[in-house]
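[1] I'd like to go over a predicted model; first the sequence, then the structure.
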Amino acid sequence: MTHQPRTAARLLESLSINEPEGIDLEAIAWLSGAKVKYRELDGCDACIAGRADVGRAIISIDNRSLPRRQRFSLAHEIGHWEWHRGHQLLCSKDDIRGSGIKLKGLSREAAANRFAAELLMPGFMIKNAMRDFNRLDMKTVRELAARFNVSLTAMAYRLVESDVHPSLLVAYGKDGRHWFVRSKSIAEIWFPKDRLDDESGAYDILFGTAQDDRFMSTVEGDTWFDVDWADQIELGEQSFRTQENEVVSLLVARSKRMLAD
């Protein structure tokens, strides 16, 4: 019987999974014909090898990765098994983006990342979970990341792209901006600066000794954007370090002037 690829939503529906606690990835993989093994891998975070003709595969996950990293890697490989069955794939750390970052084009890795984000953080579950919160800040992100068992970056990215509140998520290294995502409700003119402004809290975390922001602070828009009148608006900023040389900032709109028409 020819395999018909399923979206993450359709896969969850077929298994009657309606709550985050029910997203058992090893069980989902097994029921999809894939056995999961944890072992040391060289040159990749995860890999999959299978036979499309018999519907069986082995997914290998690097057992040295952090647990939530392993979890996203497994969801990524399940995505490959659904959509790229019959191919042997080695997925590096850069291929498996825990934030679900969009890559140019519709590459296999981009598709697997999108599948993983939707499998681990389904849109309908996120919508239901947000009913328990009245604001978007890192406290909300942390609680939801724990509930869905994903990284802070992955959850923050999912919330921003889901447009639960007009916002942006931006990652910087000492060499400049690495990536960003903005809610659909934010106008496209709001494009983060190439490099961090030394007035931002993120700058103190990345280049100084400051700890992750415990609370969201209020900053002027020209701290983050080069729009001519950005100094006339305010936004919320809360930043956290993801690795030694990278900081991620959640920027929340506080002015209707930032919204798309």
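    Sure, I can see it.
[2] going by C-alpha atoms from here, please, whenever you check contacts or count neighbours.
    Fine.
[3] can you tell me the SS state at the closest residue in space to Glu19 that isn't next to it in sequence?
    Nearest residue to Glu19 in three dimensions, chain neighbours excluded: Met125, at 6.8 Å (Cα to Cα, 6 or more residues apart in numbering). Look at Met125: counting by DSSP: H, G, I helix; E, B strand; the rest coil, its state is helix.
[4] repeat for Glu237
    Here Glu237 is strand, with the state taken from three-state DSSP.
[5] what pairs with it across the strands?
    Ser217, Leu251 (DSSP bridges).
[6] test my guess that it contacts Gly221.
    No: Glu237 is beyond contact range of Gly221, at 10.1 Å (criterion: Cα atoms under 8 Å).
[7] for Phe124, grab the count of nearby residues.
    Neighbour count of Phe124, defined by other Cα atoms under 10 Å: 12.
[8] how far away is it from Glu19?
    Distance of Phe124 to Glu19, given as Cα to Cα, to the nearest Å: 10 Å.
[9] for this protein, which helix is longest?
    helix 67-83 (DSSP state H).
[10] tell me the pLDDT of Gln4.
    At Gln4, the model reports a pLDDT of 86.
[11] and it, which helix or strand is it part of?
    For Gln4, there is no enclosing helix or strand under DSSP states H and E.
[12] that one and Arg10, how far apart?
    On the measure of Cα to Cα, Gln4 and Arg10 end up 11 Å apart.
[13] repeat for Lys174
    In terms of Cα to Cα, Lys174 sits 41 Å off from Arg10.
[14] the more surrounded of the two?
    Neighbours were counted for Lys174 and for Arg10 using other Cα under 10 Å; Lys174 has more, 15 against 12.
[15] ok, the more buried one - contacts?
    By Cα atoms under 8 Å, 6 or more residues apart in numbering, the contact set of Lys174 is 206-207, 245-246.
[16] with Ala230 instead?
    By Cα under 8 Å, 6+ apart, the contact set of Ala230 is 220-222.
[17] in strands, which of those fall?
    Cross-referencing those against strands under DSSP state E gives Glu220.
[18] look at Asp53 and report its pLDDT.
    For Asp53, the predicted pLDDT is 80.
[19] just Gly86 next, same as before
    At Gly86, pLDDT is 66.
[20] swap in Asn18?
    pLDDT for Asn18: 96.
[21] okay but it is in contact with Ile126, surely?
    No: in this structure Asn18 lies outside contact range of Ile126 using Cα under 8 Å: 11.1 Å.
[22] for those two, indicate the residue with more neighbours.
    Remark: of Asn18 and Ile126, Ile126 carries more neighbours, 19 against 13, as counted by other Cα under 10 Å.
[23] how many other residues sit next to the closest residue to that one other than its chain neighbours?
    Computed as Cα to Cα, 6+ apart, the closest residue to Ile126 that is not its neighbour in sequence is Leu159, at 7.8 Å. Residue crowding around Leu159 was assessed by other Cα under 10 Å; the count is 26.
[24] assign a three-state SS to Leu159, would you?
    What three-state DSSP gives for Leu159 is helix.
[25] quick check: what element follows the lowest-mean-pLDDT helix or strand in the chain along the chain?
    Across the helices and strands of the chain, mean pLDDT, DSSP states H and E gives its lowest value to strand 89-91, namely a mean of 52. Once the chain leaves strand 89-91, the next helix or strand it forms, by DSSP H and E, is helix 108-120.
[26] now the residue nearest to Ile126: how far from Leu12?
    Distance from Leu159 to Leu12, by Cα to Cα: 20 Å.
[27] the residue nearest to Asp175 when sequence neighbours are not counted and His178: what is the separation?
    Closest residue to Asp175 apart from its sequence neighbours, by Cα to Cα, 6+ apart: Arg195 at 7.7 Å. Arg195 sits 10 Å away from His178, going by Cα to Cα.
[28] Gly79 too?
    The gap separating Gly79 from His178 is 25 Å, by Cα to Cα.
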